[in-house]
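Q: the following comprises the amino acid sequence and a computationally predicted model.
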Amino acid sequence: MTAATAARGAMPLAAHAREARTRSTRAAVALAIGIAAGFLLSEQILAILRAPIEQIAQSRDASLNYDSITGAFDLRVKIALFSGIVLSSPVWLFELFAYVSPGLTRRERRYTFSSAACAIVLFAAGSAFGVLLFPHMVEVLAGFASDQDSSILNAGYYVDFVLKLVVAFGVAFVLPVLLVLLNTLGALSARTIRRQWRIAVVTIAVFSAVVTPAADVLSMFLVAAPMSMLYGAAVLVTSIADRRRAGRAITPSRPRREGGLACSD
């Protein structure tokens with residue numbers, strides 16, 4: 001730990017409280033801006049979520065239903081809150097890591113911030129993957145109903161289903177980054193990750209079956225394939241890192257040279 005870091009880590013409680021208040025205020029402002037932006041974009045977001053229902057409505061009666069007079073407004077607020085958390089995540093994640101970083105070594109801070117950046121990118125990629133996949137899942141699930149039936153869906157329940165699905169994809173894509181970070185900090189070896197591949201495959205299969213229709217094998221495969229590849233990537237990265245650490249550990253130290261000649265006893 002550097003002297004500057006040690007000085008920051010030894011700051012009095014009042015200074016810690018001031019820093020926590022400053023960083024939480026920045027995070028709160030970013031969240032408020034994100035929520036406002038989400039509310040302004042809620043109509044466009046709802047149009048994307050409504051697209052599969054409109055597709056179903058071409059073959060039979062299908063629509064979203066609000067069960068109360070405030071249902072439409074409540075739904076807009078829910079979309080705004082979700083969008084605000086996602087849009088402001090780079091800011092509040094940075095403030096969180098910046099607050100705890102004085103307690104870490106320089107190496108730990110570097111790996112932690114790198115992992116946080118990768119986690120944000122993978123969460124966005126997983127969420128985008130969920131957005132692309134959910135219309136197909138909705139059509140498959142709604143396809144179990146007869147053409148003579150009407151699909152009158154509760155708007156709140158439907159949006160909850162889609163948002164939870166999108167978040168589940170985002171979190172699932174981030175898990176390999178957590179494995180790499182734990183390996184980097186010395187809490188989990190590549191050998192352990194590699195030996196648990198059977199459990200990982202079963203867990204991925206169960207997760208894919210839960211978030212996709214049981215009868216839709218294609219959707220299950222589309223979910224399981226990228227998650228399995230990310231797990232394999234985590235195994236590869238941690239294996240390379242462990243081999244490098246082992247190589248540095250057994251490499252003998254070079255003798256010091258003075259005046260171009262090796263010093264000897």
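A: Great, that's in hand.
Q: report the contact partners of L133.
A: Counting by C-beta atoms under 8 Å, 6 or more residues apart in numbering, L133 touches F169, S219, L222, V223. Every C-beta, even on glycine, is put in place using the N, C-alpha and C of the backbone.
Q: F94 too?
A: Shown in contact with F94 (C-beta under 8 Å, 6+ apart): A116.
Q: where's it relative to A27, distance?
A: Separation of F94 from A27 (C-beta to C-beta, to the nearest Å): 9 Å.
Q: buried residues, the helix or strand where V29 lies. List them.
A: Per DSSP states H and E, V29 falls inside helix 13-40. Neighbour-count burial for helix 13-40, counted by 16 or more other C-beta atoms under 10 Å, picks out E19, R23, A27, A30, L31, G34, I35, G38, F39.
Q: and it, how far from the chain's centre?
A: Taking the mean of its C-alpha atoms, helix 13-40 sits 20 Å from the chain's own mean (C-alpha atoms, centre = their mean, to the nearest Å).
Q: helices and strands around that helix, which ones?
A: Helix 13-40 sits against helix 71-87, helix 89-100, with contacts defined as 3 or more C-beta pairs under 8 Å, 6 or more residues apart in numbering; DSSP states H and E.
Q: okay, those in JSON lines with mean pLDDT and distance to V121 next?
A: Output for the helices and strands packed on helix 13-40, formatted as JSON lines (pLDDT from 0 to 100; distance: least, C-beta to C-beta, whole Å):
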{"stretch": "helix 71-87", "mean pLDDT": "90", "distance to V121": "13"}
{"stretch": "helix 89-100", "mean pLDDT": "80", "distance to V121": "10"}
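Q: per-residue pLDDT of T238, please?
A: As predicted, T238 sits at a pLDDT of 90.
Q: quick one: M137 and M220 touch, right?
A: No: using C-beta atoms under 8 Å, M137 is not in contact with M220, being 10.1 Å away.
Q: on that earlier part again, with distance to Y158, neighbour count and pLDDT added, can I get the contacts of L133 in CSV?
A: Shown next, in CSV, are the contacts of L133 (distance: C-beta to C-beta, whole Å; neighbours: other C-beta atoms under 10 Å; pLDDT from 0 to 100):
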residue, distance to Y158, neighbour count, pLDDT
F169, 17, 26, 82
S219, 18, 21, 71
L222, 21, 17, 76
V223, 20, 26, 78
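Q: could you look up the SS state of F161?
A: Secondary structure, DSSP: H, G, I helix; E, B strand; the rest coil: F161 is helix.
Q: same question for Y111.
A: Classification of Y111 by three-state DSSP places it in helix.
Q: residue contacts, the closest residue in space to it that isn't next to it in sequence?
A: In this structure, Y111 finds its nearest non-sequential neighbour in T184, 4.6 Å apart by C-beta to C-beta, 6 or more residues apart in numbering. Counting by C-beta under 8 Å, 6+ apart, T184 touches Y111, S115, A241.
Q: pLDDT at T184, what is it?
A: 79.
Q: what does R8 give?
A: R8 is given a pLDDT of 46.
Q: okay, now the unreliable bits of the protein?
A: Along the chain, segments meeting pLDDT under 70 span 1-11, 102-104, 212-216, 251-265.
Q: thanks a lot, catch you later.
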